[in-house]
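A.B. asks: task: produce atomic coordinates for the following.
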Amino acid sequence: MSLYELGNNDEAIIAYSNAIKHEQDATKDYPAGAKKETLSFYLNNKGLALFNLEQPDGAMSDYEEAILCNPDDAEIYFNIGNVHLSRQQFELAHELFDKAIEIDSRNAKFYQAKGLTF
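C.D. replies: Numbering: from 1, shown residues only. Here you go, the predicted structure:
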């Protein structure tokens, strides 16, 4: 299990931050617009840990960077939608859950989250 899955969010943030730095160095010469799925993964997971520590602004920053690295990852749109949902920004959350569904229409949790926006 990962530090995040064990609930060690502070330690997970440190580990993900280190991994992000390493991956940014490794991908710095990638062409503009190239997918950076591993970097996106680390950013998204760091965002989850921040969100669990009630730091939605930090989470949002990491999620937004993750989307730039991999705009086809439905989980990231879902996570951004959850930040908006927590802020009672229902229309924005609804749009993001719709985007997640557009990418992955088989994931039931996206539909469930969308239902919370009504």
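A.B. asks: from here on, just use CA atoms for contacts and neighbour counts.
C.D. replies: Noted.
A.B. asks: neighbours around residue 34, how many?
C.D. replies: 11 (other C-alpha atoms under 10 Å).
A.B. asks: using the three-state scheme, assign it.
C.D. replies: Secondary structure assignment for residue 34 (DSSP: H, G, I helix; E, B strand; the rest coil): coil.
A.B. asks: then residue 106?
C.D. replies: Three-state call for residue 106 (three-state DSSP): coil.
A.B. asks: next, it: phi, psi?
C.D. replies: Backbone torsions of residue 106, given as degrees, to the nearest 10, read phi -100, psi 0.
A.B. asks: so it versus residue 62, what's the distance?
C.D. replies: Distance, residue 106 to residue 62, by C-alpha to C-alpha, to the nearest Å: 25 Å.
A.B. asks: who has more neighbours, the two?
C.D. replies: Legend: neighbour count by other C-alpha under 10 Å for residue 106 and residue 62, higher for residue 62 (22 against 10).
A.B. asks: can you give me the pLDDT of that one?
C.D. replies: Looking at residue 62, its pLDDT is 98.
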